[in-house]
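>>> Predicted structure and sequence below. I'll ask about it afterward.
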Amino acid sequence: MHPAFSCKGPLKMSRYEASQIEAKWQEAWEAASTFEAKRTADKPKYYVLEMFPYPSGKLHMGHVRNYTMGDVIARYKLSTGHNVLHPMGFDAFGMPAENAAMAIGGHPKEWTYNNIDTMVEQMKPLGLSLDWSRMFATCDPEYYGQQQALFLDFLEKGLVYRKNAVVNWDPVDMTVLANEQVEGGRGWRSGALVERRELTQWFFKISDHSEELLSALDNLENWPAKVRLMQENWIGKSRGLQFGFERVDGEEPITVYTTRPDTLMGASFVGISPDHPIAKQLESESEEVAAFVAECRKGGTTEEAIETGEKLGMDTGIRVRHPLNPEWELPVWIANFILMDYGTGAIFACPAHDQRDFEFATKYELPIIPVFEDPAGTGDLSEAYVPTKAEKVKYVKGFAGDTEQTGEDGVNAAVDQAEANGWGEGVTKYRLRDWGLSRQRYWGCPIPVVHCDDCGVVPEKKENLPIELPDDVSFDKPGNPLDRHPTWRNCSCPKCGKPALRETDTMDTFVDSSWYFARFTAPRADTPTDMAEAEYWMNVDQYIGGIEHAILHLLYSRFFARAMQICGHLPEKSVEPFDALFTQGMVTHAIYENAERKDENGRTVYHYPAEVEERDGGTFVKETGEKIKVIPSAKMSKSKNNVVDPLAIISAYGADTARWFVLSDSPPERDVEWTASGAEAAHKHLSRVYRIAAEAATMDDGTGKDDDTLVRETHKAIQDVTLGVESFGFNASIAKLYGFTNTLAKSKAGGAAKKQAAKVLAQLMSPMTPHLSEAIWELLGGEGLIANAPWPVADEAMLVEDTVTLPIQINGKRRAEIEVSKDLDKSEVEKIALAHEAVQKALDGNAPKKVIVVPGRIVNVVA
RNA sequence: GCCCGCGUGGUGGAAUGGUAGACACAGGAGACUUAAAAUCUCCAGGCCUUAGUGCCGUGCCGGUUCGAGUCCGGCCGCGGGUACCA
């Protein structure tokens, strides 16, 4: 009956053998289809989802932490009577597969599917409560074909369009580079200085939904405030003034947008982006301008590179009139820090109150004209004075409203003045840009359109989907192999039937991850979703993933849910697809950089933690003895090799130990630095739990002197652990479980009470250590699987304490404590406290100035 | 640069504005053992030749409060994101 315990008496206790226990119970769950999700009306549904992994080939501790957290929630919800959907898949398109093909040969497809197989094999031993029958990879044609169908629907609804946008261009390899492939402004393979170049690309019209994506954030109560704030700032709604500067030469006025029109009297010059139409025209007319603009286009496209790079400017010679004083002429400069994508691509600069303008004006000796008084009053002009809009300032050169008002009021008054006099208008703008989805790469979802000489851009017919990637491609040359594929590119026009060319750009991998959560509700449907299934399972009740996805992935998914709803692929309620979000911290680890050599391409060599050793006060490569430079604590990343293999822990101590270990100690939302010590201790603790339970199992069902206390402690444990699990305080739950285990171990209670306590302990541990808990459950004669057993409920009556210890503070410092009954009246507590000798001594015969009694908490006497 | 976080003993960390350091790890002492392992018990923030229930202590400086690790302002350090890494 109890195989782990058979034929052995209490003195020769059976050992905790994780490998046997875990294999056994995983088979039992599989046989009972415990985690297969089926639609049913008799239970409330619960959809828990962890962000699916990229199949890098190795499961790392970050994955284990992420999936274990989700598993705790999933198993807990199962125990509380929910119909749980807990699926898993792979975000399988992306650059690393192509990089691997280039570096070691082989095919991205083969590399990816091999990695998926490996990772599934690594995940299965963890005993996660996943419905594996729903698994898919985004590189499965069944998945990306439906994604192509979505694209066509979006196209029809006007949610996708084409326009020009800049990319990183490697002039030596003649190829587009991802931001990650640009290191210090140079291409990572060629080493050539990268340039910004324009290409025609596909865009999702996410900016049409700016206002909705912003205002809907207010209703996401179960999202972390920081994520909502980050998204709010990213969308970047601003109210400002748009107006034209008349050109002295009589050409078309230059339209600018500003969020600080109140500083207009401090205007020093007008700045335009190097990509502004005026700059482009001058570029074609003047060699000097062409050379300058070319200089501006050097370097990568990231906002960081542009914002932190050296500020460059050139006077165009164009002069414009100040809108409030036609006599006042301002120069027009081309400036490399002005983005064509934001506002109108042209600004007016007020160096006195904008640090970036200040630096530019200082460098090029342009005037700095204060508009409001710096309260420091030093007249110090080494930096700009930049008060917030909420601050009240004294305008010395204002033109609208009072001389003393907040920046906000000043802005509004300036907008009113401009509108009343007809030279400008108040407008609302958003920082959020449309989402460019075209990628000039092979390993992604092909964009299902065709370019026809006669018909232009023509959508593929749905019956021709999926447009599958061809397998016969090579990566021996830089660039997109689809561009040079002999036959795949050639096709016939879906509209007129004449020979045409297939689009060779593929989709951004963020597209793949923007709707997988919806696909999980009906992963084999022959439309993107099955509305009946989506209606039942959506929304995701609890989404769990890394904080690094706070903006892009989550914002894109929110947009996609809206777009899918518009196209009839998701119900109305799913426009916000994630009801609750939890962002867990990352598992970090030191990076080991080889200090003695670079690789053949001159790039840094990184070593795995397992490859290095610490000795003689330094760190060295085990095999070669080369010296290592240790870079502390960074996100575990395959490219930096600082990953720890969880399989080592699983094979040494078992999955439950690994699960218990990643959940204990660190709060889930915080980053955790991986250290190897501690895993053994976790295993010791689980062995101890097993031993204590096994010992209880051998006891007679008698009573003992500690029975009442143990029952009370049991109910307290239920209360505390449940609260911890429900609030993602897994580390707190585990701390309580340690305490409860100690209580149980030392308790002099009788067999019946101890067995009951051990059963509850097993249940409370079961979301974290499901295999061990099943084993203990069986040992103690529990009915069925613990996975299906109803979660224990704490009896309120058992939680009430009779007395409480109150600390007494004198002037805020703890000086004594008193024990009083829980419901004692405030005035009675005050009397007892004042009578205390420490208080009497401190008061020295005087009356207290004040006495604060916080019931059940503290007494503070102000002497 | 900009946006968002985080900072507490040797270490991971606990603490609805109310006893700072719960619970662990590493460490120390002891019990058991021929011995080791395992297990069990106890100690453990810093300071002091006053060892008091004394003083100091949650990155630094200031503020609000009867009371601040927690709230506010300003610094410093670290991490995430910055639209083509996923």
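Happy to help now that I have it.
>>> Just the buried residues of the helix or strand A:Glu283 falls within, please?
Element membership for A:Glu283 (DSSP states H and E) is helix A:277-285. Residues of helix A:277-285 classed as buried: A:Ile278, A:Ala279, A:Leu282, A:Glu283 (neighbour count, 16 or more other C-beta atoms under 10 Å). Glycine gets a C-beta too; all of them are placed from N, C-alpha and C.
>>> Tell me the residue of the stretch 1-150 of chain A that sits nearest RNA strand B?
Residue of the stretch 1-150 of chain A nearest RNA strand B, by C-beta to the nearest atom of the strand: A:Gly94 (3.0 Å).
>>> can you tell me the distance between the two ends of stretch A:434-445?
Taking C-alpha to C-alpha, to the nearest Å, the first and last residues of stretch A:434-445 lie 19 Å apart.
>>> give the contact list for A:Thr118.
A:Gly57, A:Lys58 (C-beta atoms under 8 Å, 6 or more residues apart in numbering).
>>> before we move on, which element is it in?
helix A:108-123.
>>> just how off-centre is that helix within its chain?
24 Å (C-alpha atoms, centre = their mean, to the nearest Å).
>>> what about it, near RNA strand B?
No: counting by C-beta under 7 Å from any atom of the strand, RNA strand B has no neighbours in helix A:108-123; the shortest distance is 10.9 Å.
>>> before we move on, back to that, right, and the helix or strand after the helix holding A:Glu283?
Using DSSP H and E, the helix or strand that directly follows helix A:277-285 along the chain is helix A:287-296.
>>> Show the average pLDDT along that next one.
Over the span of helix A:287-296, the pLDDT mean works out to 94.
>>> Helix or strand next in line after it, which one?
Following helix A:287-296 in sequence, per DSSP H and E, is helix A:303-308.
>>> Show me what the mean pLDDT comes to for that next one.
On average, helix A:303-308 scores 90.
>>> Give me the contact list for it.
In contact with helix A:303-308 (C-beta under 8 Å, 6+ apart) are residues A:Val182, A:Gly185, A:Gly299, A:Asn336, A:Phe337, A:Leu339.
>>> Just the buried residues of that helix, please?
For helix A:303-308, a neighbour-count test (16+ other C-beta under 10 Å) marks A:Ala305, A:Ile306 as buried.
>>> Output that helix in PDB with nothing but the alpha carbons.
Only the C-alpha atoms of helix A:303-308 are listed here, as PDB (Å, rounded to 0.1, in the frame of the first residue of the first chain):
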ATOM      1  CA  GLU A 303      17.000  56.400 -29.000                       C
ATOM      2  CA  GLU A 304      19.800  55.900 -26.500                       C
ATOM      3  CA  ALA A 305      22.500  56.400 -29.200                       C
ATOM      4  CA  ILE A 306      20.800  59.500 -30.500                       C
ATOM      5  CA  GLU A 307      20.200  61.100 -27.100                       C
ATOM      6  CA  THR A 308      23.600  60.400 -25.700                       C
END
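>>> Could you give the separation of that helix from the chain centroid?
For helix A:303-308, the distance to the chain centre is 22 Å (C-alpha atoms, centre = their mean).
>>> Return the helix or strand just after it as PDB; C-alpha atoms alone will do.
Per DSSP H and E, the first helix or strand lying C-terminal to helix A:303-308 is strand A:313-322. Provided in PDB are the C-alpha atoms of strand A:313-322 (Å, rounded to 0.1, in the frame of the first residue of the first chain):
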ATOM      1  CA  GLY A 313      24.300  71.300 -35.700                       C
ATOM      2  CA  MET A 314      24.500  73.300 -38.800                       C
ATOM      3  CA  ASP A 315      23.100  76.700 -39.700                       C
ATOM      4  CA  THR A 316      21.000  76.400 -42.800                       C
ATOM      5  CA  GLY A 317      21.100  80.100 -43.500                       C
ATOM      6  CA  ILE A 318      17.300  80.100 -43.500                       C
ATOM      7  CA  ARG A 319      15.800  82.800 -41.300                       C
ATOM      8  CA  VAL A 320      12.300  82.800 -39.800                       C
ATOM      9  CA  ARG A 321      10.200  85.500 -38.000                       C
ATOM     10  CA  HIS A 322       9.200  85.200 -34.400                       C
END
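>>> Which strands or helices does strand A:313-322 pack on?
When contacts are defined as 3 or more C-beta pairs under 8 Å, 6 or more residues apart in numbering; DSSP states H and E, strand A:313-322 sits against strand A:238-247, strand A:269-272, helix A:277-285, helix A:287-296, strand A:325-335.
>>> quick one: terminal-to-terminal distance for stretch A:171-187?
One end of stretch A:171-187 sits 9 Å from the other (C-alpha to C-alpha).
>>> now swap in stretch A:53-65 and tell me
12 Å.
>>> neighbouring contacts of it?
A:90-92, A:94, A:96, A:111-112, A:114-116, A:118-119, A:122-123, A:126, A:137, A:546, A:584, A:586-587, A:636, A:638, A:643-647, A:658-659, A:662-663, A:668, A:672, A:674.
>>> Look at A:Lys394 and tell me its secondary structure.
With DSSP: H, G, I helix; E, B strand; the rest coil as the basis, A:Lys394 sits in strand.
>>> if we can go back for a sec, can you name the element that comes right after the helix holding A:Thr118?
helix A:141-156.
>>> That next one near RNA strand B anywhere?
No: using C-beta under 7 Å from any atom of the strand, helix A:141-156 stays clear of RNA strand B, with a minimum separation of 13.7 Å.
>>> tell me which residues of that helix are tucked away?
A:143-155.
>>> Settle this for me: A:Val851 is touching A:Val862, isn't it.
Yes: counting by C-beta atoms under 8 Å, A:Val862 is a contact partner of A:Val851 at 7.3 Å.
>>> if we can go back for a sec, how big is the angle separating the helix holding A:Glu283 from strand A:325-335?
Interaxial angle of helix A:277-285 relative to strand A:325-335 (axes from the mean of the first three to the mean of the last three C-alpha atoms, to 10 degrees): 60 degrees.
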